[in-house]
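> Build me a structure from this.
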Amino acid sequence: MAADYYRVLGVPRQASQKEIQSAFRRLARRYHPDVNPGDPEAERRFKEISEAHDVLSDPAKRRLYDRFGEGWRSAAAASIDPDAPYTRAGSAGGWGFDAQDLEGILRGFGQRFGGGRGAGFADLFESVFGRRQGEAEVQRTIEIGLAEVATGTARVVSLPDGRRLEVRIPAGVEDGTVLRVPGLRARVQVRADGFRRQGKDLTVQVPVPLRTALLGGEVEVRTVEGRVRLQVPPQTQNGTRLRLRGLGLPDPKGGIPGDLYAEVSVRLPLPLDEQARRWAETLPGS
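Reported below is the predicted structural model:
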């Protein structure tokens with residue numbers, strides 16, 4: 001198994017670039033071949049330190065390494081985005097393959113183009129999908145609110161072996177989406193928070209006084225990110241849906257955001273006073 005680059009440099013995984021550079025310079029001075037002529041162990045350590053520094057000092061390489069570990073080179077060759085949530089329920093990241101098919105593809109690609117290193121691509125598969133065939137995987141449910149769906153969020157999940165894994169949840173995520181990180185299968189449960197959701201569109205009930213429904217006026221509408229004022233047209237019927245463009249949820253594919261529909265719920269002026277009662281008696285029966 002390849003050495004852990006962070007351990008090679010003696011820095012934590014959250015180390016800053018300054019800390020990585022400082023650790024490399026310190027170790028390089030100690031193990032440089034010119035300082036240790038004829039010492040094969042020092043030469044081996046210097047190569048190991050240089051390789052770790054090459055990866056961790058490059059932000060793009062480091063992100064791949066943090067996501068895929070030993071399989072980072074294979075992930076780079078396959079142009080895989082380390083920030084994307086690859087696995088959804090019933091598919092391999094929405095690519096149209098099941099997990100077993102994709103493992104075979106990656107292994108075959110490695111054998112054909114990687115000089116027989118098919119196992120490296122199998123390691124990449126394990127990093128992306130969290131397990132090999134037959135290996136146990138911890139399952140968790142992560143509950144989030146619609147406000148977090150609107151912006152995207154993250155959760156830290158503790159595993160039985162003591163590890164703490166961060167699960168990044170993308171904006172626009174659907175209820176029931178399954179996300180995987182190595183060793184964890186996390187199902188996202190989205191709270192309704194008083195809204196009805198249909199894809200990226202939302203509907204919320206809005207209480208409207210009878211006078212406003214008849215004569216028109218402004219009411220306050222709750223959105224996932226705060227409250228806005230809405231102009232209600234005169235003679236608005238109970239149950240009317242008024243559209244607020246772009247105030248729904250973001251499109252997970254980066255397209256146009258959804259809309260928010262304010263569903264009018266007319267409030268009667270109860271209890272009626274005598275003047276209101278006499279007025280109601282003058283209204284037609286249908």
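
> give the contact list for Gly246.
Contacts for Gly246 (CB atoms under 8 Å, 6 or more residues apart in numbering) come out as 256-259. C-beta here means a position set from N, CA and C on the backbone, and glycine is covered the same way.

> same thing but at 7 Å, please
Gly246 makes contacts with 257, 259, as judged by CB atoms under 7 Å, 6 or more residues apart in numbering.

> Regarding it, what is its secondary structure?
Under the three-state scheme (DSSP: H, G, I helix; E, B strand; the rest coil), the conformation of Gly246 reads as coil.

> if I look at it, how far off is Val178?
29 Å (CB to CB, to the nearest Å).

> those helices in the chain, which residues are they?
Secondary structure of the chain (DSSP state H): helices at 5-9, 17-31, 40-56, 59-68, 72-77, 99-113, 118-129, 146-151, 210-215, 274-281.

> okay if I get those helices as a markdown table plus distance to Pro234?
Shown next, in a markdown table, are the helices of the chain (distance: least, CB to CB, whole Å):
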| stretch | distance to Pro234 |
| --- | --- |
| helix 5-9 | 66 |
| helix 17-31 | 62 |
| helix 40-56 | 65 |
| helix 59-68 | 56 |
| helix 72-77 | 60 |
| helix 99-113 | 58 |
| helix 118-129 | 57 |
| helix 146-151 | 31 |
| helix 210-215 | 6 |
| helix 274-281 | 17 |
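
> from the ones you listed, which stretch is densest packed?
The highest mean neighbour count among the helices of the chain, using mean count of other CB atoms under 10 Å, belongs to helix 118-129: a mean of 22.

> Distance check, the residue lying closest to Thr153 once chain neighbours are set aside against Ala150.
Spatial nearest neighbour of Thr153, excluding adjacent residues (CB to CB, 6 or more residues apart in numbering): Ile169 at 5.1 Å. Between Ile169 and Ala150 the computed distance is 12 Å (CB to CB).

> go on, Arg211?
Taking CB to CB as the measure, Arg211 falls 33 Å from Ala150.
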